[in-house]
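A.B. asks: Could you work out the structure for the sequence below:
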Amino acid sequence: MLLILLQALLVVSCVSLRCDPAFRGVCKPTVEEQPKCTDVLLSYCDDMAYTQTMFPNIIGHKTREEAEAGAEYLLISVIESLLGGECNPEIRMLGCSVLAPRCEKEKVMKPCRTTCEAVHKKCSHAFEAIDMAWPYFMDCDRFFVSDLEGCYDPLEGLKAEQDVEADGSFEILPPEPANTMHFTYHSNAEMITILKKTEEQCSDIARTYSIGRSMEGRELLVIEFSNNPGQHELLEPEVKYVGNMHGNEVLGRQLLIYLAQYLCSEYQLGDERIQTLVNTTRIHILPSMNPDGYEVAALGVQDNNYGEEEEGQRYETWNIGRTNAQNIDLNRNFPDLTSIVYNRRRQKGFRTDHIPIPDYYWFGKVAPETYAVMKWIRSIPFVLSANFHGGDLVVSYPYDLSKHPLERNLLSPTPDDQVFKLLARTYANAHETMSNENARCGSSRTLSQKGIINGAQWSSFSGGMQDFNYLHTNCFEITVELGCDKFPPEEDLLTTWHENQEALIKFMEGVHRGIKGIVKDEEGNGIKGARISVRGIRHDITTAENGDYWRILTPGIHIVIASAPGYARAMKKVHLPPGMHKAGRVDFVLQKALLEPDMQEEGDAIASMGTYDRFDPYNQYERYTLMADMSQNREERAEKPWWWNYFASPSGPAPTWLLKHY
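C.D. replies: Numbering: from 1, shown residues only. Got it, this is the predicted structure:
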């Protein structure tokens, strides 16, 4: 019995021991190799202030190879390009302090929480700009410790370099303002960061908001300037600028980024002209309507050195990135309302305004970018607009579609032809060279008159955005072609900005031409949807939510009529002198009256057309989108941000921690 007890005790005492078969019954303790400090061999972490690390690291990677294969290391390797250079190298070094932590005396040291919190405060907006969550392995509370726990500063090497640079100079320059212009091309991430920074810098007058996403999930971000951002103010007109509709025509995109920075900085510096413009106008700027196309175009420019190309090769790259990710030309994708106007122009009650979108349009290919812009311009009572292109140097105005039966190029003016010519000349004359005959280039040079041209006379096409604005809403839009080189070298950007700066401001000021006012009933309530007609111009505009309206007109004498269903018409005679730079105030009070049967809306009387309020009545856009994304991979890509494909790998788990709303 005693022998059995001794054997049992021996077995218990050797649970964690390994028995040597050469010596029966004798156990030798297992010698486990303790982790040791090793050289930092991760290439993206080789500039840290220390040279020794240890595995397993802080998040549990057991080897260098495992760390290199992880999504965490992939993220810090591409973070500079994802954030457009923002917060580099701070983010990378912060990540390295977790993936390759400092090792001293065979012990891992954790980085300081205070450094992590400072970087998070400075850089979180950059992740917000690309719709990415703050990376979990840079969670300041989980993986970083306080000074009392013996932490180290992971940015120590970076700060040492900055100190050396400061010591070697005669003066320390102040930090660069957030809205400093850099005359280089900006990636989509950089563009969003700049707009967000501008919003932060001028939070009292600026606001960013999204109108939707591109086919590949990139945000269509707008920045707005107003003395009361986010709200439509009574009698304050709304203006919009749209750039980069064709992804390879990039100057408009850059100019609108610069314009946003310029409006912010000049307002804060006390520029009276800019302050007056912002305080009396609500300005909306969409720098890129086609961010997917821009990415393709920018990549194409990097891959091709035009200076060494043959002419044929140069031609092939001319249109790289023009369309969206579905290969749709966005400036041919809007409803063709111009053809409807031409087909109905001999009918009684013929109109050229607020034409409903025909139901058959929704059964075709509708790009998400087009859909987003249509909803945008229907939701805000825009008065004036310009969209920016490249490939010529001219301002084009509606119509874009020729009235020729075979759609051949032919002068095709709108009822507001004189107004459009005035608006087009406003931009062209304020531009440094556009109205100069010697500066002409491109296919418009034989037809344009001092830098302006009727679109259909120049190059007829249907489904254009400026025709849609005019025929479907109150908005008067022109198209500005900024130069014959669609993607010019960066050294031309500064010159282009100076050439267009005055024109960009002057055109927006043009929204205050003509008349404005409020249409009310006898009790003083604003009437929404009342019509403002001008005798001799077969194109009406309608009042906004609270009964206010704006009607751009040329100088002269005009008979203006206000009408609304259920009310008697009111008429006024208006004289606008040539030198008038502020809209004349013309209010109307309408009296109740019976609605005559023959006063029914013409659009409502045509069943095939539907009514103005029927926007995508059969939900065809959503159905089409689902059909276009039949495969699971395509569906996931449509739902995820544009950068998701960088990290989604079939060989490993998807890093869903990068998604903000997972």
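A.B. asks: Quick check: phi and psi on Gly293?
C.D. replies: phi -60, psi -40 (degrees, to the nearest 10).
A.B. asks: I'd say it and Val250 touch.
C.D. replies: No - in this structure, Gly293 is not within contact of Val250 by CB atoms under 8 Å, at 9.8 Å. The way it works is simple: take the backbone N, C-alpha and C, and place the C-beta from them, glycine included.
A.B. asks: residue ranges for the helices of the stretch 201-350 of the chain, please.
C.D. replies: All helices of the stretch 201-350 of the chain, identified by DSSP state H, counting those that start in this stretch, fall at 251-268, 272-280, 291-303, 311-316, 337-344.
A.B. asks: Compute the number of surrounding residues for Ser462.
C.D. replies: 17 (other CB atoms under 10 Å).
A.B. asks: Model confidence score at it, please.
C.D. replies: Per-residue pLDDT puts Ser462 at 96.
A.B. asks: Show the contacting residues for the closest residue to it other than its chain neighbours.
C.D. replies: The shortest distance from Ser462 to any non-neighbouring residue, by CB to CB, 6 or more residues apart in numbering, is to Asp336 (4.2 Å). Residues counted as contacts of Asp336 (CB atoms under 8 Å, 6 or more residues apart in numbering) are 361, 401, 462-463.
A.B. asks: Next: Gly85.
C.D. replies: Counted by CB under 8 Å, 6+ apart, Gly85 has contacts Glu190.
A.B. asks: Report the secondary structure element holding it.
C.D. replies: Per DSSP states H and E, Gly85 falls between elements, in no helix or strand.
A.B. asks: Looking at Gly293 and Val250, which one has more neighbours?
C.D. replies: More crowded of Gly293 and Val250, by other CB under 10 Å: Gly293, with 31 against 28.
A.B. asks: tell me the pLDDT at the residue nearest to the more buried one when sequence neighbours are not counted?
C.D. replies: Among residues not flanking Gly293 along the chain, Gly247 sits closest, at 1.9 Å (CB to CB, 6+ apart). Note on Gly247: pLDDT of 96.
A.B. asks: Any figure for the gap between Gly247 and Gly270?
C.D. replies: 38 Å (CB to CB, to the nearest Å).
A.B. asks: domain ranges for the chain?
C.D. replies: 38-164, 188-302+318-512, 515-594 (the TED database).
A.B. asks: and among those, the most buried is which?
C.D. replies: Mean neighbour count (mean count of other CB atoms under 10 Å) peaks for domain 188-302+318-512 among those, with a mean of 20.
A.B. asks: what's the first-to-last distance across that domain?
C.D. replies: Start-to-end span of domain 188-302+318-512 (CA to CA, to the nearest Å) is 33 Å.
A.B. asks: In the stretch 301-450 of the chain, where is pLDDT below threshold?
C.D. replies: 302-318 (pLDDT under 70).
A.B. asks: make it 80
C.D. replies: For the stretch 301-450 of the chain, the stretches flagged by pLDDT under 80 are 301-318, 346, 348-350, 405-407.
A.B. asks: and if you look at the stretch 451-600 of the chain?
C.D. replies: Using pLDDT under 80, the stretch 451-600 of the chain drops low at 594-600.
A.B. asks: the strands in it, which residues?
C.D. replies: For the stretch 451-600 of the chain, the strands defined by DSSP state E, counting those that start in this stretch occupy 452-454, 476-483, 515-520, 531-534, 537-542, 548-551, 556-563, 570-576, 584-585, 588-589.
A.B. asks: picking that back up, so which of the domains of the chain gets nearest Trp657?
C.D. replies: domain 38-164 (4.6 Å; CB to CB).
A.B. asks: now the closest one, how far from the centre of its chain.
C.D. replies: Taking CA atoms, centre = their mean, to the nearest Å, one finds the center of domain 38-164 at 30 Å from the center of the full chain.
A.B. asks: Do me a favour and average the pLDDT over it.
C.D. replies: 88.
A.B. asks: hang on, the earlier thing: now tabulate the domains of the chain in JSON lines and tack on distance to Pro641.
C.D. replies: JSON lines is the format used below for the domains of the chain (distance: least, CB to CB, whole Å):
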{"stretch": "domain 38-164", "distance to Pro641": "5"}
{"stretch": "domain 188-302+318-512", "distance to Pro641": "5"}
{"stretch": "domain 515-594", "distance to Pro641": "34"}
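A.B. asks: Compare these and report which one is nearest to His661.
C.D. replies: Shortest distance between His661 and those, using CB to CB, is found for domain 38-164: 8.6 Å.
A.B. asks: At which residues are the strands of the stretch 151-300 of the chain located?
C.D. replies: Taking DSSP E, counting those that start in this stretch, the strands of the stretch 151-300 of the chain run over residues 206-213, 219-225, 238-242, 282-286.
A.B. asks: how about those strands, which one is nearest Asn619?
C.D. replies: Nearest of these (CB to CB): strand 206-213, 16.1 Å.
A.B. asks: Please name every helix or strand in contact with that closest one.
C.D. replies: helix 188-201, strand 219-225, helix 251-268, helix 368-379 (3 or more CB pairs under 8 Å, 6 or more residues apart in numbering; DSSP states H and E).
A.B. asks: can the ones you listed go into a markdown table with extra columns for distance to Tyr549?
C.D. replies: Output for those, formatted as a markdown table (distance: least, CB to CB, whole Å):
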| stretch | distance to Tyr549 |
| --- | --- |
| helix 188-201 | 30 |
| strand 219-225 | 21 |
| helix 251-268 | 26 |
| helix 368-379 | 16 |
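A.B. asks: Ok, which of those comes nearest Glu477?
C.D. replies: Glu477 lies closest to helix 368-379 among the helices and strands packed on strand 206-213, at 9.0 Å (CB to CB).
A.B. asks: Quick one: name whatever helix or strand follows that closest one.
C.D. replies: strand 382-389.
A.B. asks: can you state the direction angle for that next one and strand 238-242?
C.D. replies: Relative orientation of strand 382-389 versus strand 238-242 (axes from the mean of the first three to the mean of the last three CA atoms, to 10 degrees): 10 degrees.
A.B. asks: Tell me the strands beside strand 382-389, with direction?
C.D. replies: Each strand paired with strand 382-389, and its direction, by DSSP bridges: strand 238-242 (parallel), strand 476-483 (parallel).
A.B. asks: can you put those in TSV and add distance to Cys112?
C.D. replies: Converted to TSV, these look like this (distance: least, CB to CB, whole Å):
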stretch	distance to Cys112
strand 238-242	45
strand 476-483	49
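A.B. asks: In CSV: the strands of the stretch 451-600 of the chain, plus distance to Ala126.
C.D. replies: Output for the strands of the stretch 451-600 of the chain, formatted as CSV (distance: least, CB to CB, whole Å):
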stretch, distance to Ala126
strand 452-454, 41
strand 476-483, 29
strand 515-520, 41
strand 531-534, 46
strand 537-542, 42
strand 548-551, 38
strand 556-563, 50
strand 570-576, 49
strand 584-585, 46
strand 588-589, 50
